[in-house]
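Q: Based on what follows, work out the 3D shape:
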Amino acid sequence: MKKLRSLGVVFLHFLPFWIFGLALLLPFVCVGIEFCISCFGNKKLLCDFQDFTAGIAGNGVFVALLLTSWLLSLIWSFLIHWFWKKEEREPRWVMSAVFFFFPLISSLLISCLPGTIWPNLSVEKRRRVACHINLRNIYSALYMYAANNDGHYPDRLEALSPDYLTDDKVLRCPACREHSGFSDYNYFGKGKKETGPVFIILEDKVDNHRGNFKNRLDSECRGIPGKKYE
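A: So this is what the prediction gives:
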């Protein structure tokens, strides 16, 4: 019982450091788990885990842990003088200084780390935005094509180049690792008219993005939330 109590005291004394260490290890642990899942080749499990880690990064869990550790460190630096009255003056001030300067040291450490501490998530978020812009640019070319062809959309995206689509880069998803075919996007406008019912006209191919995500655009140029893989 005394041993557990002493361990609890040690844990409580250095709580800001434990939280800070957890914040630093969390992204690397997630990347390691993702690598292990990918080695087993379980596509569905990998996508589900990528969604989970994307939620962690998107909700600011990493930053929240850092801020919590910094705040507790500042509080601990003042509480040491209150609870360590029996200790000598010098050890109290040493420990207080350690906790007081911990936020500063932590900030310097974080600033030295690569900006991609969530390498598969922060970059992916920007790629999704760029991908959505690509879809809108392709839609603009489709709109011009339809305007010049009695409202009919082309049977294939190849019909847009080069008269309506001069930049072929918009046909490539920035998150796609291996490009194949004329475009990295699925096109569903064959045989459809601009004046017809609203339908999904463009969407990402299955393997473009990490996790259960697809950028999709309807025939009114409205974005639709990403579709789950089946």
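Q: Restricting to C-alpha, output the lengthiest strand in the chain in CSV.
A: The single longest strand within the chain, with elements called by DSSP state E, is strand 200-204. Taking Å, rounded to 0.1, in the frame of the first residue of the first chain, the C-alpha atoms of strand 200-204 are listed here in CSV:
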residue,chain,number,x,y,z
ILE,A,200,-23.0,13.4,-58.6
ILE,A,201,-20.9,14.5,-61.5
LEU,A,202,-17.3,14.2,-60.1
GLU,A,203,-15.7,12.3,-57.2
ASP,A,204,-12.4,11.0,-56.1
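Q: so for that strand, what's the average pLDDT?
A: Strand 200-204 comes out with an average pLDDT of 90.
Q: quick one, strands of the protein?
A: Counting by DSSP E, the strands of the chain are 185-187, 200-204, 216-218, 223-224.
Q: which intervals of the chain have sub-threshold pLDDT?
A: 1-11, 41-44, 46-48, 50-51, 54-60, 62, 81-92, 107-124, 211-212, 225-230 (pLDDT under 70).
Q: Apply 80 and report the result again.
A: 1-28, 30-31, 34-35, 37-67, 70, 74-126, 177-180, 207, 209-213, 223-230 (pLDDT under 80).
Q: if we can go back for a sec, run the chain-centre distance for the longest strand of the chain.
A: 22 Å (C-alpha atoms, centre = their mean, to the nearest Å).
Q: Please name every helix or strand in contact with that strand.
A: On a contact count with 3 or more C-beta pairs under 8 Å, 6 or more residues apart in numbering; DSSP states H and E, strand 200-204 meets helix 122-147, strand 185-187, strand 216-218. Where you see a C-beta, it was placed from the backbone N, CA and C, and this is true even at glycine.
Q: out of the ones you listed, which comes closest to residue 27?
A: Of all the helices and strands packed on strand 200-204, helix 122-147 sits nearest to residue 27, with 9.7 Å by C-beta to C-beta.
Q: That closest one: which residues count as buried?
A: 122, 124, 127-128, 131, 134-135, 138-139, 141-142, 145-146 (16 or more other C-beta atoms under 10 Å).
Q: And stretch 165-178, by the same measure?
A: Buried, per 16+ other C-beta under 10 Å, within stretch 165-178: 165, 170-171, 173-176.
Q: Now render those residues as a markdown table, adding distance to residue 184.
A: A markdown table is the format used below for these (distance: C-beta to C-beta, whole Å):
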| residue | distance to residue 184 |
| --- | --- |
| 165 | 14 |
| 170 | 10 |
| 171 | 7 |
| 173 | 4 |
| 174 | 9 |
| 175 | 9 |
| 176 | 5 |
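Q: So residue 37 versus residue 80, what's the distance?
A: Distance, residue 37 to residue 80, by C-beta to C-beta, to the nearest Å: 43 Å.
Q: Kindly report the same for residue 40.
A: For residue 40 relative to residue 80 (C-beta to C-beta), the value is 48 Å.
Q: Neighbour count: the two, which is higher?
A: Per other C-beta atoms under 10 Å, whichever of residue 40 and residue 80 has more neighbours is residue 80, with 22 against 9.
Q: wait, doesn't the more buried one sit right on residue 94?
A: No - look at residue 80 against residue 94 with C-beta atoms under 8 Å: they stay out of range, at 9.6 Å.
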